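Colleague: Provided below are the primary sequence and the corresponding predicted coordinates.
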Amino acid sequence: MKALCLSLILFSLLLAGCGGGGDETSKQPDTGKTNEYGLTDFEMTYGIGPVKKRLFLGQINKALAKKGENIFATKCAPCHKLDERYIGPAQRYATERRPPEYLMNMMLNPDEMVKRHPEGKKLLAEYLSPMTYQNITEEDARNVIEYLRLTAQEGHENNIPEVPLYKNQIQKP
Amino acid sequence: MSGINNRKLVIAVIGLIILMLTLIGCPAQQSMVGTDDAAQKVYVAPGTYDEFYAFMSGGFSGQVTVHGLPSGRLIKTIPVFSVFPENGYGFSEETKPMLNTSFGFVPWDDAHHPELSQTSGTPDGRWLFINANNTTRVARINLASFETDEIIEIPNAAGNHASPFVTMNTEYVVASTRFSVPIPQKDVPISTYKENFDGTITFIRVDPESGRMTIAFQIIVPGFNYDLAHAGKGPSHGWAFFTSYNTEQANTLLEVNASQNDKDFVAAVNWKLAEQYLAEGKAKDMSASYVNNHMNGSSRIVETEKHTSVKVLSPKDCPGLIYYLPTPKSPHGVDVDPSGEYIVAGGKLAAVIPVHSFSKMQKAIEDKLFEGDVDGIPVLKYESVVAGEVQNPGLGPLHTEFDGKGYAYTSAFISSEIVKWKLGTWEVVDRIPTYYSIGHLMIPGGDSQKPWGKYVVALNKITKDRYLPTGPELAHAAQLIDISGEKMKLLLDFPTMGEPHYAQGIAAELLMKNQTKMFPIEGNTHPQATKSEAESRVERKGNEVHVYMTTIRTHFSPDNIEGIKLGDKVFFHVTNLEQDWDVPHGFAVQGALNAELLIMPGETRTLVWEPARVGVFPFYCTDFCSALHQEMQGYVRVSPGNSSVAITYGTGK
């Protein structure tokens, strides 16, 4: 019987050896420890994308903020207003809601962020239009962060209220 | 159970397994293997790429189609000499000028011979040139964007057929007259052909950096029909060769009257010497009317330049500029082998393929072995220039390509076959039928110094029974043939668009690395570009209304427009703010008599709309762009001419 079993195993191996049937195991990149979403602790907090290290922001640099404002006008403003829920979320206080690394990864890698990141998925469910890739350089994304830090500061100075991310956060009078 | 029985059972099971495997084979492989392994050789698995791009002329469609090889898959249509509803080419205000000619706007022409630009005698993947046969022009297609970047009109010409073949480093692209005509044009009886009709051979200079084309010079030649061309390479660099027929100079019933002479001519033109004569001031300025249309790289608007003069050389004033090589029976193709020594002419009514030798030609010129002259052009003695004749080459030999391994492949139209023969010995070594009536054939790089000698594509004129029938008109059939071994093997039949005359092929890797994926919005210099939604607006100037509109997934800005009146001419200047690969937006408005727009990421395109009715009309995106594509729409209100509705516009208000 041993020989019979062996030959049956051999037979099944032969069949399995026929091309096309086997699943190729997909190779996950080594991203350290991952959670149920397949994300590392860093990615959970700071987003998935080219920004893989913490940034250290100093004082707001107004020259960079000006550059960021121009980028924002061309590439972001079609879908994002500062103080209005539009195609996507209102942006004035974005830097107070999320770390800058997270926001930059959202700008630089929106496709993966809305498909894999739990926060991105929640936003897609809320706003329905997936954020588009706009060919923004990392430097430009950093400048947009500077602009958004400035808009938050100006918002506080002028008592401009925050438009919440989610509709069910809006207080009914 | 006893041990013996067990052993018998094992043997029986093993025997059964072997029998089953022998009979059925692996199921997956079984379906792949036909009578041959042809299917595996042309199978390009989903998600993987073809090895070669093949560029096929569309013939009477005026376009170029791009196929992958070996799969034969159609991957792109590039509009060149015809308007194209798929992307608005020739309809948008920006692209209309590309089809300007000295005769006016020509919406549809006949394109025959694609030719890749070359550096050091090999395709470099920068540009593809193609001729318009009817209203004589040459186009330059940019192989980073797969778009027509430039078209130049050829003055003093008719039937630009022997065109646009390139010299080794794309110094020049050639053009010529298939139909001789009075030059300059004048009102004369057709029967005065012999006195009044001439041909021209044109050399178009190509700027090595920008690719911009200019007419360098023309040569006035006797009034024959100049049919095809190829430039010399290696030792013959500096020369270009043109076939001619109708040396009888018939002007009616050419079918009979242009087939009288035993031999017509291959014209060998020494263009390096022409440059010298030009520098010596031997050329005359001749008044001529032609245009050059060019797409500005940053505004992406086509600009038309008008030209009024051309430099013309006459062989009588320029000894040594041209020699005629007698060649049997109305030769069609003229093809130069990779070494540059052999010049093969396909005499479509000839019983042999004559192969001229460049070195013999030079010796014959030196020794003045002439049998006469035509209008000052010396005619060399046939025996003094011919290297050999391919015997029994099939009926109606037309065109020859080379594999770089010492063999030539000639298409034979009447006998529907490709004939493989050996350079030097001229012996036929193999032949394979084609389906049916082959015209040109193409080996990737097969007219260059370094062919990729793996496949030959047969470009056939008659299809008959090859595909499911589709009424009286059938897609022209191409066949892919493996030439990697001693014997040619038919691998694949595939349909083509229009009528591919010639084709060119190039290794895919040479183009893939240079592809344009979008146009940077920062670099858009279109004067009516709208680079942010904040700038989107509607402006009235008299009865013209300019709408500066933006698109992004998934809305227009503005998407509600009021204040348009009957009698207005509305310009929709639509800028696509997307900066992602493969995300064009479309624009269509009801009642537009001028079609639609398709706007690439970062680009501005303009549609003119003259509303003919009062009412509210929708406009929408015609290219599925996102999950909310169906929401990408807007309205424009049209009021009576005397109404007082003011211009208002907006999005989301």
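Modeller: All right, it came through fine.
Colleague: who's in contact with B:Gly394?
Modeller: Counting by CB atoms under 8 Å, 6 or more residues apart in numbering or on different chains, B:Gly394 touches B:Thr410, B:Ala412, B:Ile414, B:Ser415, B:Glu417, B:Val419, B:Arg431. To be clear about C-beta, it is placed using only N, CA and C from the backbone, and glycine gets the same treatment.
Colleague: same thing but 7 Å
Modeller: B:Ala412, B:Ser415, B:Glu417, B:Val419, B:Arg431 (CB atoms under 7 Å, 6 or more residues apart in numbering or on different chains).
Colleague: and the fourth one, how far from B:Asp482?
Modeller: Yep, that's B:Val419 we're talking about. 16 Å (CB to CB, to the nearest Å).
Colleague: could you do the second one as well?
Modeller: B:Ser415 sits 21 Å away from B:Asp482 when distances are taken as CB to CB.
Colleague: please identify which of those two sits among more neighbours.
Modeller: More neighbours surround B:Asp482 than the other of B:Ser415 and B:Asp482, with 20 against 17 (other CB atoms under 10 Å in any protein chain shown).
Colleague: which strand or helix spans whichever residue of the stretch 451-600 of chain B sits closest to chain A?
Modeller: In the stretch 451-600 of chain B, the residue that lies nearest chain A is B:Gln579 (3.6 Å; CB to the nearest CB). Using DSSP states H and E, B:Gln579 falls within no helix or strand.
Colleague: next one: B:Phe572
Modeller: Assigned by DSSP H and E, B:Phe572 belongs to strand B:569-576.
Colleague: who's in contact with that strand?
Modeller: So strand B:569-576 is contacted by B:528-531, B:543-551, B:564, B:584-585, B:587, B:597, B:599-611 (CB under 7 Å, 6+ apart).
Colleague: toward the C-terminus, what is the element adjacent to it?
Modeller: On the C-terminal side of strand B:569-576, the closest following helix or strand by DSSP H and E is strand B:585-589.
Colleague: mean confidence score for that next one?
Modeller: Taken as a whole, strand B:585-589 has an average pLDDT of 97.
Colleague: neighbours of B:Pro378, how many?
Modeller: The number of residues packed near B:Pro378 is 19, by other CB under 10 Å.
Colleague: then the one 10 residues further on?
Modeller: As a burial measure, the neighbour count of B:Gly388 was computed by other CB under 10 Å and equals 18.
Colleague: wait, what's in contact with it?
Modeller: B:Gly388 makes contact with B:Val355, B:Trp426, according to CB under 7 Å, 6+ apart.
Colleague: just the element for it, please.
Modeller: strand B:386-391.
Colleague: give me the sheet partners of that strand and which way each runs.
Modeller: The strands that strand B:386-391 pairs with in its sheet are strand B:352-357 (antiparallel) (by DSSP bridges).
Colleague: which among the contacts of strand B:569-576 count as buried?
Modeller: Buried subset of the contacts of strand B:569-576 (neighbour count, 16 or more other CB atoms under 10 Å in any protein chain shown): B:528-531, B:545-551, B:564, B:584-585, B:587, B:597, B:599-609, B:611.
Colleague: run through the helices of chain A in chain order.
Modeller: With DSSP state H, the ranges of helices along chain A come out as A:2-17, A:41-46, A:62-71, A:94-97, A:100-108, A:110-116, A:118-127, A:138-157.
Colleague: what residues of the second one count as buried?
Modeller: Of the residues in helix A:41-46, those with enough neighbours to count as buried (16+ other CB under 10 Å) are A:Phe42, A:Glu43, A:Met44, A:Tyr46.
Colleague: restricting to C-alpha, output it in CSV.
Modeller: The C-alpha trace of helix A:41-46 is given here as CSV (Å, rounded to 0.1, in the frame of the first residue of the first chain):
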residue,chain,number,x,y,z
ASP,A,41,2.5,51.4,13.2
PHE,A,42,4.2,54.3,11.3
GLU,A,43,1.9,53.9,8.3
MET,A,44,-1.2,53.8,10.6
THR,A,45,-0.3,57.2,12.0
TYR,A,46,1.7,58.8,9.2
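Colleague: can you name the residues in contact with it?
Modeller: Applying CB under 7 Å, 6+ apart, the contact partners of helix A:41-46 are A:Asn35, A:Pro99, A:Glu101, A:Tyr102, A:Asn105.
Colleague: related to what we said a few turns ago, closest to chain B among the buried residues of helix A:41-46?
Modeller: Once CB to the nearest CB is applied, the member of these that ends up nearest chain B is A:Glu43, at 22.6 Å.
Colleague: how near is the closest one to A:Lys53?
Modeller: A:Glu43 is 12 Å from A:Lys53, by CB to CB.
Colleague: with B:Pro189 instead?
Modeller: With CB to CB as the criterion, B:Pro189 and A:Lys53 are 85 Å apart.
Colleague: which residues touch A:Leu57?
Modeller: By CB under 7 Å, 6+ apart, the residues touching A:Leu57 are A:Pro100.
Colleague: quick check: pLDDT value at it.
Modeller: For A:Leu57, the model assigns a pLDDT of 92.
Colleague: which parts of stretch B:578-595 are buried?
Modeller: Buried residues in stretch B:578-595, defined by neighbour count with 16+ other CB under 10 Å: B:Glu578, B:Gln579, B:Asp580, B:Val583, B:Pro584, B:His585, B:Gly586, B:Phe587, B:Ala588, B:Val589, B:Ala592.
Colleague: the fifth one touches B:Leu598, doesn't it?
Modeller: Yes - using CB atoms under 7 Å as the test, B:Pro584 is close enough to B:Leu598 to be in contact (5.3 Å).
Colleague: overlap of the contact sets of those two?
Modeller: With CB under 7 Å, 6+ apart as the test, B:Pro584 and B:Leu598 both reach B:Asp623.
Colleague: ok, the nearest residue to B:Ser626 once chain neighbours are set aside to B:Leu607 distance?
Modeller: Nearest-residue entry for B:Ser626: B:Arg553, 4.1 Å, with adjacent residues in sequence omitted and distances by CB to CB, 6 or more residues apart in numbering or on different chains. In this view, B:Arg553 and B:Leu607 are 20 Å apart by CB to CB.
Colleague: repeat that for B:Thr202.
Modeller: In terms of CB to CB, B:Thr202 sits 36 Å off from B:Leu607.
Colleague: then B:Leu480?
Modeller: Separation of B:Leu480 from B:Leu607 (CB to CB) stands at 41 Å.
Colleague: again with A:Ala94
Modeller: 37 Å.
Colleague: quick check: chain neighbours aside, which residue is closest to whichever residue of the stretch 301-450 of chain B sits closest to chain A?
Modeller: Closest to chain A within the stretch 301-450 of chain B is B:Ile301: 20.4 Å, counting by CB to the nearest CB. Distances taken as CB to CB, 6+ apart put B:Glu94 closest to B:Ile301, at 4.7 Å, once the chain neighbours are dropped.
Colleague: just the pLDDT for that neighbour.
Modeller: On pLDDT, B:Glu94 comes in at 98.
Colleague: name the SS class of it, please.
Modeller: coil (DSSP: H, G, I helix; E, B strand; the rest coil).
Colleague: helix, strand or coil: sort out the residue nearest to B:Glu578 when sequence neighbours are not counted for me.
Modeller: Spatially, and ignoring its direct neighbours in sequence, B:Glu578 is nearest to B:Pro601 (4.1 Å; CB to CB, 6+ apart). In three-state terms, and counting by three-state DSSP, B:Pro601 is coil.
Colleague: just list whatever residues bridge to B:Ala54.
Modeller: B:His67, B:Gly505.
Colleague: and it, how far from chain A?
Modeller: Computed as CB to the nearest CB, to the nearest Å, the B:Ala54 to chain A distance reads 28 Å.
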